[in-house]
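Colleague: For reference, the sequence and a predicted model appear below.
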Amino acid sequence: MSATLLHGGAIVDPVAGTTAPGDVLIRDGMIAALGPEAAAAAGDADLIDVSGCRVAPGFIDIHTHVFDRPGAASSRLPADRVGVRQGVACLVDAGSAGAATIDEFPTAVHATQRTPAFALVNVGSPGVRDTDGGHSSRPELVSLEATVRAVERHRGWVRGIKVQASHSHTGEYGLTAVAVARQAADRTGLPLMMHIGNGPPALEDALAHLRAGDIVTHAFHGKPGGALTAGGAPLPALVDAVARGVIVDIGHGRSSFAFATAERALAAGLPVHTISTDIHRGNVDGPVVSLARTMTKLMLLGLSVEEAVRAVTVTAARALRLDGDGFGTLAVGRPAHVTVFRVSEEQCTLEDAEGERRVAECSIVPVAAYVAGERFAVEAPI
């Protein structure tokens, strides 16, 4: 039997919101013991000294673009580049594939990458030629029946429906595309993730289609018509959506996270439920860089380390039902999906999608990810 003891670190419990010294014993890909019992049960386990580090459930990024198809000219990234090589144990591709291309996902991603990857099916037609004006901008690009069939073919790893409710992607077809996505989510029993940005459609109208368990991503972009009214108050429709159980996701992206908007939203009482990157080739070198960098930006705005970890572990897992695959928490008898990280006290400069720069006094620095007990060292910029 293979066994590893992560010794000398502190265990982050995202459910309780606590961090306490403790060891983690991994045996045959599973969590075998936690805390004082781990060392006693370690036997001849390989000892990994993680002194000065924190040990958490494997980080999850629920909004990425990693459907990197051979021969396709796209902005998608290899999953491992922003997954295990950056200390992230699980990725969700948020709609890079629609019904016409989702069948290629296992060959392009699962067969070539080590990072566990799930997907949302786009109700539109990304990756299909002749989608000028947006891949959800015309009736022939949006198919309820094809979307439902795509989900049914891939139930094991498809975890939701994606729709982009912004003029850039849906044009004048906006609310109709949202309505089709709503039907697809209802038919398949999966959550709906809705991208928001430049209107139309108006955010109030789009949010009306979301129900408990659905996700609004790019929640704190800096464009007009977003989370805040012109006077700076929380948009009533967003407040109502949160009250009925809609999940607020960051979805940083190249143009979808503003320090000023997020700061005002948090001060006004709006939540951050999940932290994600919307990472792709166009922003991996900046301003997004990594999930750790995005977490650090939210810590700069007031989230604690434990709150940031919760947003990329237990809450993220529950949002897309990844807890059933062993993600989200550390517990004896569950798969050993783990992220080991440090909290650096060195200053670092952070940039949002609007070009604003701020200096953080501390940052999340991943050291390694474990997927079913297999260790992957961090090798990419964070």
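Modeller: Good, I have the coordinates.
Colleague: Need the pLDDT of V163.
Modeller: Looking at V163, its pLDDT reads 96.
Colleague: what do you get for the one 5 residues further on?
Modeller: At S168 the predicted local confidence, pLDDT, stands at 77.
Colleague: tell me which residues in the helix or strand hosting it are buried?
Modeller: Secondary structure from DSSP states H and E places S168 in helix 167-170. Of all the residues in helix 167-170, those buried under the rule 16 or more other CB atoms under 10 Å are H167, H169, T170. Heads up, the C-betas are built off the backbone N, CA and C, glycines and all.
Colleague: what do you get for stretch 25-42?
Modeller: Quick answer for stretch 25-42 (16+ other CB under 10 Å): L25, I26, R27, G29, M30, I31, A32, A33, L34, A38, A39, A42.
Colleague: Report the backbone C-alpha coordinates of the helix holding S168 in CSV.
Modeller: Extracted in CSV, the C-alpha atoms of helix 167-170 (Å, rounded to 0.1, in the frame of the first residue of the first chain):
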residue,chain,number,x,y,z
HIS,A,167,-24.8,41.8,-26.0
SER,A,168,-21.3,40.6,-27.1
HIS,A,169,-22.5,37.0,-27.2
THR,A,170,-26.2,37.1,-27.7
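Colleague: Parallel or antiparallel, list what pairs with whichever strand in the chain runs longest.
Modeller: If you go by DSSP state E, the chain has its longest strand at strand 88-98. Pairing partners of strand 88-98, with direction, according to DSSP bridges: strand 59-64 (parallel), strand 117-122 (parallel).
Colleague: Distance to T274, mean neighbour count and mean pLDDT for these - can I get that in CSV?
Modeller: Supplementary listing: those in CSV, determined by distance: least, CB to CB, whole Å; neighbours: other CB atoms under 10 Å; pLDDT from 0 to 100:
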stretch, distance to T274, mean neighbour count, mean pLDDT
strand 59-64, 6, 30, 98
strand 117-122, 13, 28, 97
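Colleague: closest one to A208 among these?
Modeller: Minimum separation from A208 across the strands paired with strand 88-98 (CB to CB) falls at strand 117-122, 20.6 Å.
Colleague: For V289, which of the strands paired with strand 88-98 is the nearest?
Modeller: strand 59-64 (12.3 Å).
Colleague: chain center to the following helix or strand past that closest one, what's the gap?
Modeller: Counting by DSSP H and E, the next helix or strand C-terminal to strand 59-64 is helix 79-82. Distance of helix 79-82 from its chain centroid, counting by CA atoms, centre = their mean, to the nearest Å, is 13 Å.
Colleague: quick check: mean pLDDT across helix 79-82?
Modeller: Looking at helix 79-82 alone, the average pLDDT works out to 98.
Colleague: what's next to that helix, contact-wise?
Modeller: The contact list for helix 79-82 (CB atoms under 8 Å, 6 or more residues apart in numbering) reads 61, 64, 66, 68, 88, 91, 109, 113-115, 117, 277, 279, 284, 290-291, 380.
Colleague: Now, of those residues, which are buried?
Modeller: Among the contacts of helix 79-82, the ones that count as buried by 16+ other CB under 10 Å are 61, 64, 66, 68, 88, 91, 109, 113, 115, 117, 277, 279, 284, 290-291, 380.
Colleague: Those: which two are farthest apart?
Modeller: Greatest spacing in the buried ones among the contacts of helix 79-82, by CB to CB: V109 and S290 (18.9 Å).
Colleague: Tell me which helix or strand in the protein has the weakest average pLDDT.
Modeller: Sorting the helices and strands of the chain by mean pLDDT, DSSP states H and E puts helix 167-170 at the bottom, at a mean of 74.
Colleague: which other helices and strands contact it?
Modeller: If contacts are counted by 3 or more CB pairs under 8 Å, 6 or more residues apart in numbering; DSSP states H and E, helix 167-170 sits against helix 174-188.
Colleague: can we see that at 10 Å?
Modeller: Under the contact criterion of 3 or more CB pairs under 10 Å, 6 or more residues apart in numbering; DSSP states H and E, helix 167-170 touches strand 158-165, helix 174-188, strand 192-196.
Colleague: Taking strand 117-122 as reference, get the angle to the shortest one.
Modeller: An angle of 70 degrees separates the directions of strand 192-196 and strand 117-122 when computed by axes from the mean of the first three to the mean of the last three CA atoms, to 10 degrees.
Colleague: Pairing partners for strand 192-196, with directions?
Modeller: By DSSP bridges, strand 192-196 pairs with strand 158-165 (parallel), strand 215-217 (parallel).
Colleague: For stretch 300-318, C-alpha coordinates in PDB please.
Modeller: C-alpha atoms of stretch 300-318 as PDB (Å, rounded to 0.1, in the frame of the first residue of the first chain):
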ATOM      1  CA  LEU A 300      -7.200  42.200  -0.400                       C
ATOM      2  CA  LEU A 301     -10.800  43.400  -0.300                       C
ATOM      3  CA  GLY A 302     -11.400  41.800   3.100                       C
ATOM      4  CA  LEU A 303     -12.000  38.100   2.800                       C
ATOM      5  CA  SER A 304     -10.100  36.000   5.300                       C
ATOM      6  CA  VAL A 305      -7.900  33.100   4.100                       C
ATOM      7  CA  GLU A 306     -10.500  30.700   5.300                       C
ATOM      8  CA  GLU A 307     -13.300  32.500   3.500                       C
ATOM      9  CA  ALA A 308     -11.200  32.500   0.300                       C
ATOM     10  CA  VAL A 309     -10.500  28.800   0.700                       C
ATOM     11  CA  ARG A 310     -14.200  28.100   1.300                       C
ATOM     12  CA  ALA A 311     -15.100  29.800  -2.000                       C
ATOM     13  CA  VAL A 312     -12.800  27.500  -4.000                       C
ATOM     14  CA  THR A 313     -13.600  24.200  -2.100                       C
ATOM     15  CA  VAL A 314     -16.800  23.300  -0.300                       C
ATOM     16  CA  THR A 315     -19.000  26.000  -1.800                       C
ATOM     17  CA  ALA A 316     -17.600  25.400  -5.300                       C
ATOM     18  CA  ALA A 317     -18.000  21.700  -4.900                       C
ATOM     19  CA  ARG A 318     -21.600  22.000  -3.800                       C
END
